[in-house]
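J.: build me a structure from this.
(one chain, ligands or ions: 1)
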Amino acid sequence: MNLILLGAPGAGKGTQATKIADRYGIVHISTGDIFRANIKNGTEIGKLAKSYIDKGELVPDEVTCDIVKDRLTWADCTRGYLLDGFPRNLFQAQELDRFAEIDGVVNINIDHKLLLDRLCGRRVCRECGESYHVSTLGGKTVCARCGGELYQRADDNPETVASRLAVYNEQTAPLIDYYEKRGILLNVTGTEAPAEVLFEDVKAALDKLLA
Ligand code: AMP
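T.: The predicted structure is shown next:
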């Protein structure tokens, strides 16, 4: 099962992605995580990516598509994969069609009023990628799941978040229509409720797809 996870920044894609990957035994591929690992390791790709990520802009399509194309050739993808954060525009979606076959696209719809606070209050685990909101941490600085250190992403600040949301609206949101027309879109509604609640809907949609 090869899937795409769509949704605005802050919709809860990362958390749902971990749960989907665990439950269905497929590999979670996040282009954002790949870029952040490259930045941490000081690679050329990392240096290039950082200059775009810091402004809330998209990393150039050619670089991003090459990374994903290569990643999908790894052995762990044979049982299926979940793309999180890719594709992010029509060009990337069309490129993906040339080298992959997608079975379903989970789209998390969410009220955009919730996103600014979610993103600016987000703390992420350096080890496992789990996300938390600062308001629920009670001052804790380590991950409840794996004990890893929690940090605030450099692009989770009000200015960068504003441009990330604008980029989503202009470039990524049209993909909803693209996959809807193809008949492979699975819509779920994100809320303020815990991630487990949303995951029930995600599971129901995916189990139906698999049936
Ligand atoms: P994310 O972790 O998915 O929120 O991604 C963080 C940042 O990485 C984005 O704001 C973009 O700058 C960059 N990025 C991630 N995925 C892509 C992509 N598919 N195309 C271009 N840039 C991307």
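J.: go ahead and confirm Asp20 touches Gly104.
T.: One correction, residue 20 is Ile, not Asp. No: assessed by C-beta atoms under 8 Å, Ile20 is found out of contact with Gly104, at 10.4 Å. (Glycine included, C-beta is placed from N, CA and C.)
J.: between those two, which one's more packed in?
T.: Neighbour count, other C-beta atoms under 10 Å: between Ile20 and Gly104, Ile20 has more, with 22 against 19.
J.: does that one belong to a helix, a strand or coil?
T.: Assigned by DSSP: H, G, I helix; E, B strand; the rest coil, the conformation of Ile20 is helix.
J.: and it, how far from the ligand?
T.: Relative to the ligand, Ile20 is positioned 15 Å away (C-beta to the nearest ligand atom, to the nearest Å).
J.: quick one: residues contacting that residue.
T.: Ile20 sits next to 3, 5, 26, 28, 82, 106, 199, 202, 206 when contact means C-beta atoms under 8 Å, 6 or more residues apart in numbering.
J.: the longest helix anywhere in the chain - contacts with which helices or strands?
T.: Across the chain, the longest stretch assigned as helix under DSSP state H is helix 195-210. The criterion is 3 or more C-beta pairs under 8 Å, 6 or more residues apart in numbering; DSSP states H and E, and the helices and strands that helix 195-210 contacts are helix 13-24, strand 104-109, strand 185-189.
J.: for the ligand, what is the nearest residue in the protein?
T.: Gly32 (2.0 Å; C-beta to the nearest ligand atom).
J.: picking up where we left off before, touching both of Ile20 and Gly104, which residues are there?
T.: Common neighbours of Ile20 and Gly104 are listed as 3, 206 (criterion: C-beta under 8 Å, 6+ apart).
J.: tell me, how many residues neighbour Arg79?
T.: 12.
J.: now Cys128
T.: A count of nearby residues for Cys128, using other C-beta under 10 Å, gives 12.
J.: residues touching the nearest residue to it once chain neighbours are set aside, list them.
T.: Distances taken as C-beta to C-beta, 6 or more residues apart in numbering place Cys146 nearest to Cys128, at 4.6 Å, with adjacent residues excluded. Neighbouring residues of Cys146 by C-beta under 8 Å, 6+ apart: 125, 127-128, 130.
J.: repeat that with 7 Å
T.: Contact analysis of Cys146 by C-beta atoms under 7 Å, 6 or more residues apart in numbering lists 125, 127-128.
J.: can I take it that it is in a strand?
T.: No: Cys146 is assigned coil when assessed by three-state DSSP, not a strand.
J.: confidence score at Tyr81?
T.: Tyr81 is assigned 98 on the pLDDT scale.
J.: is it true that it touches Ser30?
T.: No: contact criterion C-beta atoms under 7 Å: Tyr81 and Ser30 do not qualify, at 10.8 Å.
J.: more neighbours, these two?
T.: Tyr81 (23 against 20).
J.: compute the distance between that one and Met1, please.
T.: 8 Å (C-beta to C-beta, to the nearest Å).
J.: which residues do the two both contact?
T.: By C-beta under 7 Å, 6+ apart, the residues touching both Tyr81 and Met1 are Ile26.
J.: now do the buried residues in the helix or strand where Glu62 lies.
T.: In this assignment (DSSP states H and E), Glu62 forms part of helix 61-71. Within helix 61-71, the residues that qualify as buried by neighbour count (16 or more other C-beta atoms under 10 Å) are 64-65, 67-68, 71.
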